[in-house]
Each structure stands twice: as C-alpha cells, then as structure tokens.
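A.B. asks: below are the sequence and a predicted model; questions follow.
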Amino acid sequence: MAIRFNMHRKDFIKGSCGVCLALGSGFLTSALLSACKTPLGVIKSVASNDIVSIPLAEFDKSDYKIIRVSNYDYDLAIQKNKDGTFSTLLLKCTHADQPLTKTGNNYYCTAHGSQFTHEGVVTKGPADRNLTQLVTNVAGDLVKIQLITTL
Ligand code: FES
C-alpha cells in the first residue's frame, strides 16, 4: 500500500531546497570560521627582506610561540630564554625536510617518526641531526628572526 503525500512537487522542492540551503550555509560558515582560526600561541606574520619581526609584547604572557610566516614552507618555534634572549627553531625535519608537529613539549615528524626535544635535539631517528636554529635578535621593541631562504 502506497502512502501519498498531499504536497505538490514544486512546493516539496522549494521546501527541501530551503532546508538544504540553511544547512549548507551553516556548514559553510562553520567550515570558514574553523579555517580562519589560528591555534592558541600561533602568530601569523610576513617576512620583509627575509626577516620576520615580532613585537616583544607578544611574549608578555607566554615565553613560547609558533610563528607561521606567509609564503614560507615551515613554521618557526620561538622561545624567550630566561636571560631575555630568544631562540628560534625551524620546524623542518632534518631527515627528509617534512614539517614537524608540536606534541606536548617536543616535536614529532609524522613522515617517518623522528622526534626532537623542545630545544631541537633529535631523540629518535631516522633523523640524525638536530633542528636548525635561526639567528634571532632583539631590536628596540621587536624580535627579529633571520629566515633561511634556501630551504
Ligand atoms: S622526514 Fe621526518 S622522519 Fe623522515
């Protein structure tokens, strides 16, 4: 026995499309918002003449930041040291150049499993070299990081 709905095809399509549109726009908005979010502790920046400048004030509340530089292949990890100087690591695996992921206080390479300490010392291979340190200086109220351009 067939059940018949008392709704015209045109009304059904209109109603269905309205629901789809509402769901779709909600989904799209949600997807866009999540894509725009920057994880806590990540600073987006741009380089000028291969130098990234970060305001010192960024380190008022936290001694550690990840820097995501526009059009640069790898994130940087910058640490404010107890003596007021800064150290910056290039988050590029020394095994086969894959980007690293922060895991707790360490860095992990998802490609083949290499691990590095917070200071960039390799603790598990196949990588056999420590992470690259970038020259980092304080100039006025800015921290300046010299990028390596031959990645
Ligand atoms: S590229 Fe990182 S372990 Fe191979």
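C.D. replies: Yes, it's here.
A.B. asks: helix or strand for K82, which one?
C.D. replies: Using DSSP states H and E, K82 is not contained in any helix or strand.
A.B. asks: number of nearby residues for it?
C.D. replies: 6 (other Cβ atoms under 10 Å). Quick note: C-beta positions are derived from backbone N, CA and C, even for glycine.
A.B. asks: next one: phi and psi at it?
C.D. replies: phi -60, psi -30 (degrees, to the nearest 10).
A.B. asks: which residues does V143 bridge with?
C.D. replies: Counting by DSSP bridges, V143 is bridged to I54, V138.
A.B. asks: hang on, I meant L90
C.D. replies: Taking DSSP bridges as the rule, L90 bridges to L76.
A.B. asks: check contacts around it.
C.D. replies: Shown in contact with L90 (Cβ atoms under 8 Å, 6 or more residues apart in numbering): 74, 76, 131-134, 148.
A.B. asks: how about a cut-off of 10 Å?
C.D. replies: By Cβ atoms under 10 Å, 6 or more residues apart in numbering, the contact set of L90 is 72-77, 99-100, 120, 131-134, 145, 147-148, 151.
A.B. asks: for the helix or strand where I67 lies, what is the average pLDDT?
C.D. replies: Secondary structure assigned from DSSP H and E places I67 in strand 64-69. Here strand 64-69 scores 95 as its mean pLDDT.
A.B. asks: parallel or antiparallel, list what pairs with it.
C.D. replies: strand 42-45 (parallel), strand 76-80 (antiparallel).
A.B. asks: buried residues in the shortest one?
C.D. replies: In other words, strand 42-45. Using 16 or more other Cβ atoms under 10 Å as the test for burial, strand 42-45 gives 43, 45.
A.B. asks: what mean pLDDT does it have?
C.D. replies: Mean predicted lDDT for strand 42-45 stands at 93.
A.B. asks: name the next helix or strand downstream of that strand, please.
C.D. replies: The helix or strand immediately downstream of strand 42-45 is strand 47-48, counting by DSSP H and E.
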